[in-house]
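Engineer: next comes the sequence, and after it the predicted model I'd like to discuss.
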Amino acid sequence: MKINRLFACTLIVLLMLLTGCAPKETYTVDLTATDFVTGVNNPYLPFIPGSKWVYQAMLEDGTVERNEIEVLQETRDVHGVKATVVHDLVFVGEQIVEETFDWYAQDKDGNVWYLGEAVDNYENGVLVDHKGSWEWGVDGALPGIMMWADPSLHVNEKYNQEFYAGEAEDKGQVLSVNESVTVPFGSFENVLKTYDFSSLDPGLQEHKFYAKGIGVIKEVDMVSGEEVVLIEFIPFAK
């Protein structure tokens, strides 16, 4: 009987692999509030209160999308961690389409973790839902790495940027740390390039480019070809 059971279990696993139904990889995080420091000053993602970024993209229909990001002075307690709050507004033309409050924290090693977000989605200027919202510690949601302390040590490594099963499962992969990129705001060397994708949405595939001391300077949608570029950066007031 033991041999038959072993054979049956082996057959089930083989069938799952052949049919693409293999068990999903389990994602876990072993972190507590004591693993984090105050503030986020990672060179590739310097979320210093008072800093502002403005991005622009030309959509397929000819309309202009504008993305305004600001690091707020306020903080938020997320699972016992004093998180930095980043306010993100997206407009198409003059109409708002999304408002987000993102929460980040940096660990003692210098890695930046994404702890959650509160999302307001709009249609025709009217709030319709909060799809995409999640928070570490709520309903099983877990934080993910948004930026490594030293990305050069993680080239080609895939990692979770967020995890809320069935709702938020974005991932990333470091591709290069020596790109040359020019955007309206300026030209940059030794730029970090990542591949961002989602387990939930095959259509979400992007290349992102980060410059030291600034953060994201360019995003390229690999499906549509749409480019989002940095047009203005205002560092924090010293």
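Structural biologist: All right, it came through fine.
Engineer: burial measure for Asn67, as a count.
Structural biologist: Counted with other C-beta atoms under 10 Å, residues neighbouring Asn67 total 19. Heads up, the C-betas are built off the backbone N, CA and C, glycines and all.
Engineer: now do the buried residues in stretch 179-197.
Structural biologist: Judged by neighbour count using 16 or more other C-beta atoms under 10 Å, the buried positions of stretch 179-197 are Glu179, Val181, Val183, Phe185, Phe188, Val191, Leu192, Lys193, Thr194, Tyr195, Asp196, Phe197.
Engineer: between which two of the residues you listed is the distance greatest?
Structural biologist: Phe185 and Phe197 (25.9 Å; C-beta to C-beta).
Engineer: name the SS class of Gly137, please.
Structural biologist: Assigned state for Gly137: coil (three-state reduction, DSSP: H, G, I helix; E, B strand; the rest coil).
Engineer: local confidence estimate at Leu6?
Structural biologist: Per-residue pLDDT puts Leu6 at 45.
Engineer: same check on Cys21?
Structural biologist: The score at Cys21 is 50. That number is its pLDDT.
Engineer: what's the answer for Met16, then?
Structural biologist: Model confidence at Met16, given as pLDDT, is 48.
Engineer: check Phe236 too.
Structural biologist: Looking at Phe236, its pLDDT reads 79.
Engineer: looking at this protein, which helix or strand is least sure?
Structural biologist: helix 2-18 (a mean of 46; mean pLDDT, DSSP states H and E).
Engineer: quick check: Lys218 touching Ile231?
Structural biologist: No. Applying C-beta atoms under 8 Å, one finds Lys218 not in contact with Ile231, separated by 10.9 Å.
Engineer: those two: which has the busier surroundings?
Structural biologist: Lys218 (23 against 14).
Engineer: how far away is the closest residue to that one other than its chain neighbours from Gly166?
Structural biologist: Excluding the flanking residues, the one nearest Lys218 by C-beta to C-beta, 6 or more residues apart in numbering is Phe209, at 4.3 Å. Applying C-beta to C-beta, to the nearest Å, the value for Phe209 to Gly166 is 30 Å.
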